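> my questions are about this predicted structure, shown below with the sequence.
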Amino acid sequence: MEKTTIDVPAFTLHQKIIIAILALLQFTVILDFMVISPLGDILMKTLDMTTSNFGFAVSAYAFSAGISGLLAAGFADKFDRKKLLIFFYTGFIIGTVFCALSSSYLMLLMARIVTGLFGGVIGSVSLAIVTDLFVIHQRGRVMGFIQMAFATSQILGIPLGLYFANNWGWHSAFIMIAVLGALILIAIITQMQPITKHLEFQSDKSPFLHLWHTLSNKNYQVGFAAIAFLSVGGFMLQPFGSAFLVNNIHISQLELPMVFFFTGLSVLFIMPLIGKLSDKISKFKLFAIGSSISVIMILIYTNLSPIPLWEIVVINMVLFMGIMSRMIPATTLNTAIPEMKDRGAYMSITSSLQQIAGGIAAVCAGFIVHQKTKSSPLENYDILGYVIAVVTLFTVLLMWRVNQLAKAKVAKN
């Protein structure tokens with residue numbers, strides 16, 4: 001195992017504030033995407049959507065996020081990162097409000113596109129900020145805290161969103177996200193300092209030339225491919241998760257919040273541990289272990305028949321612990337590849353390709369999975385599991401190459 005002997009300085013007060021802001025920011029962005037999955041069964045029945053319609057509703061956010069990320073990539077290193085974050089987060093909040101106001105499938109589809117256009121850039125700007133403000137041996141812990149937003153969105157956000165939806169309609173779940181987002185926006189404006197050090201290293205005069213130079217870098221292309229494939233599994237599995245639990249496993253709508261609560265609790269427990277481990281031992285080994293657990297649990301999960309509630313809770317907990325234990329080492333390794341002058345563009349392109357690949361995966365999942373009636377069991381969910389397992393194993397090979405590039409770059413510096 002690789003151990004670091006570097007003495008890492010303690011986080012400054014401003015760094016701690018940045019971590020808190022970015023974690024809360026990610027909570028709302030992740031929740032906005034993830035809440036679609038548990039609301040899936042309600043939305044398909046309320047707005048009269050087929051499984052393929054719902055796949056497009058999920059992927060609409062991903063495709064628009066991917067396109068906007070690519071368009072913004074050339075400009076990502078040309079501005080103060082704080083100003084970029086404020087601009088795109090404001091648009092994300094407005095898009096979420098339009099989601100809440102939707103009254104038909106078409107309106108929801110358009111609202112998801114608007115939300116994705118702004119939300120898709122937020123993650124890449126956040127990663128660029130982390131890379132600018134924290135050294136490589138701090139980033140595992142930072143990513144651990146920020147990725148805890150995923151777990152928190154399940155522990156608090158998704159059950160709360162389902163509670164709102166069950167009591168006041170699914171629209172209220174998006175209203176909740178928009179209100180919370182407005183409060184976080186105020187914190188960004190008042191507490192975050194300008195982040196402009198990267199502006200000193202700019203060489204390409206044209207944003208489009210800067211984008212092309214970043215895209216054409218052979219080492220960067222390895223990172224792009226690895227992170228894109230990393231997102232495929234999640235985008236294929238999650239959209240039909242609630243519909244599978246309700247119609248195949250016979251979990252009631254009122255029991256769904258409990259499943260997501262305990263799943264999130266398990267991820268919240270493991271994320272700080274994975275973050276600390278990724279700063280001390282081989283990030284690739286952690287990724288490989290998490291991938292192995294994920295493949296086994298995905299194959300078990302997608303072949304389930306009706307079982308007691310407590311069993312599905314345990315299986316979900318282990319499944320997502322495996323999935324999320326891949327995210328921290330993979331994301332941390334990926335941040336080591338770009339040069340400072342390219343970080344914003346690199347992160348934007350990475351995020352874009354991740355979203356586009358995920359959008360394609362969601363559409364493919366919508367065509368693989370079938371449902372004869374609104375309340376009949378989902379068909380071919382097991383086939384979906386086999387596809388995800390193969391993609392996961394291929395991602396391990398790509399991430400091995402990313403690990404080699406990251407080690408070479410750290411050694412050179």
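Ah, there it is. Numbers count the residues shown, from 1 in each chain.
> how many neighbours does Tyr89 have?
Neighbours of Tyr89 under the rule other Cβ atoms under 10 Å: 25. Every C-beta, even on glycine, is put in place using the N, C-alpha and C of the backbone.
> and it, how far from Leu183?
When Cβ to Cβ, to the nearest Å is the yardstick, Tyr89 and Leu183 sit 12 Å from each other.
> name the nearest residue to Thr350, ignoring sequence neighbours.
If the residues on either side of it in the chain are set aside, Thr350 comes closest to Ile227, at 5.0 Å by Cβ to Cβ, 6 or more residues apart in numbering.
> show me what contacts the one you found?
For Ile227, the contacting residues are 330-331, 334, 350, 353-354, by Cβ atoms under 8 Å, 6 or more residues apart in numbering.
> separation between it and Thr51?
27 Å.
> return the helix or strand in this protein with minimum mean pLDDT.
helix 136-152 (a mean of 70; mean pLDDT, DSSP states H and E).
> ok, and what's touching the helix or strand just after that one?
Note on helix 136-152: by DSSP states H and E, the next helix or strand toward the C-terminus is helix 158-168. With contact meaning Cβ under 8 Å, 6+ apart, helix 158-168 is reached by 31, 34-35, 38-39, 42, 172-173, 175-177, 253-254, 256-258, 260-261, 264.
> which strands and helices lie in contact with the host helix or strand of Ile383?
Using DSSP H and E, Ile383 sits within helix 381-412. Where contact means 3 or more Cβ pairs under 8 Å, 6 or more residues apart in numbering; DSSP states H and E, helix 381-412 is packed against helix 218-237, helix 283-301, helix 309-335, helix 343-368.
> most tightly packed of the ones you listed?
helix 343-368 (a mean of 25; mean count of other Cβ atoms under 10 Å).
> average pLDDT across the helix or strand Thr131 falls within?
Thr131 is part of helix 105-133, with elements assigned from DSSP H and E. The predicted model assigns helix 105-133 a mean pLDDT of 83.
> that helix to helix 343-368, inter-axis angle?
With axes from the mean of the first three to the mean of the last three Cα atoms, to 10 degrees applied, the angle from helix 105-133 to helix 343-368 works out at 150 degrees.
> buried set for helix 105-133?
Of the residues in helix 105-133, 105, 108-133 count as buried by neighbour count, 16 or more other Cβ atoms under 10 Å.
> same for it, what does it pack against?
Helix 105-133 sits against helix 13-34, helix 51-73, helix 81-101, helix 136-152, helix 309-335, helix 343-368, with contacts defined as 3+ Cβ pairs under 8 Å, 6+ apart.
> can I get those helices in JSON lines with distance to Phe208?
JSON lines is the format used below for the helices and strands packed on helix 105-133 (distance: least, Cβ to Cβ, whole Å):
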{"stretch": "helix 13-34", "distance to Phe208": "27"}
{"stretch": "helix 51-73", "distance to Phe208": "10"}
{"stretch": "helix 81-101", "distance to Phe208": "17"}
{"stretch": "helix 136-152", "distance to Phe208": "30"}
{"stretch": "helix 309-335", "distance to Phe208": "24"}
{"stretch": "helix 343-368", "distance to Phe208": "11"}
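> so which of the ones you listed comes closest to Ser376?
Counting by Cβ to Cβ, Ser376 lies closest to helix 51-73 out of the helices and strands packed on helix 105-133; the figure is 10.9 Å.
> taking helix 81-101 as reference, get the angle to that closest one.
Going by the same axes, to 10 degrees, helix 51-73 makes 160 degrees with helix 81-101.
> what separates stretch 122-129 from the chain centre, distance-wise?
The chain centre lies 12 Å from the centre of stretch 122-129; the measure is Cα atoms, centre = their mean, to the nearest Å.
> with stretch 30-38 instead?
That offset, for stretch 30-38, works out to 10 Å (Cα atoms, centre = their mean).
> please save the CA atoms from that stretch in CSV.
Taking C-alpha atoms only, stretch 30-38 is exported to CSV below (Å, rounded to 0.1, in the frame of the first residue of the first chain):
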residue,chain,number,x,y,z
ILE,A,30,-27.6,16.1,-6.1
LEU,A,31,-31.0,16.2,-4.5
ASP,A,32,-32.6,18.0,-7.5
PHE,A,33,-31.4,15.1,-9.7
MET,A,34,-31.9,12.3,-7.2
VAL,A,35,-35.4,13.2,-6.1
ILE,A,36,-36.6,12.4,-9.6
SER,A,37,-35.9,8.7,-8.9
PRO,A,38,-38.1,8.2,-5.8
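> and Ala330, what is it in contact with?
Listed by Cβ under 8 Å, 6+ apart, the contact partners of Ala330 are 226-227, 230, 283, 287, 399, 402.
> tabulate those (JSON lines), appending distance to Phe320 and pLDDT.
As requested, the contacts of Ala330 are exported to JSON lines (distance: Cβ to Cβ, whole Å; pLDDT from 0 to 100):
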{"residue": "Ala226", "distance to Phe320": "21", "pLDDT": "88"}
{"residue": "Ile227", "distance to Phe320": "19", "pLDDT": "85"}
{"residue": "Leu230", "distance to Phe320": "15", "pLDDT": "86"}
{"residue": "Lys283", "distance to Phe320": "20", "pLDDT": "81"}
{"residue": "Phe287", "distance to Phe320": "16", "pLDDT": "89"}
{"residue": "Met399", "distance to Phe320": "19", "pLDDT": "90"}
{"residue": "Val402", "distance to Phe320": "23", "pLDDT": "87"}
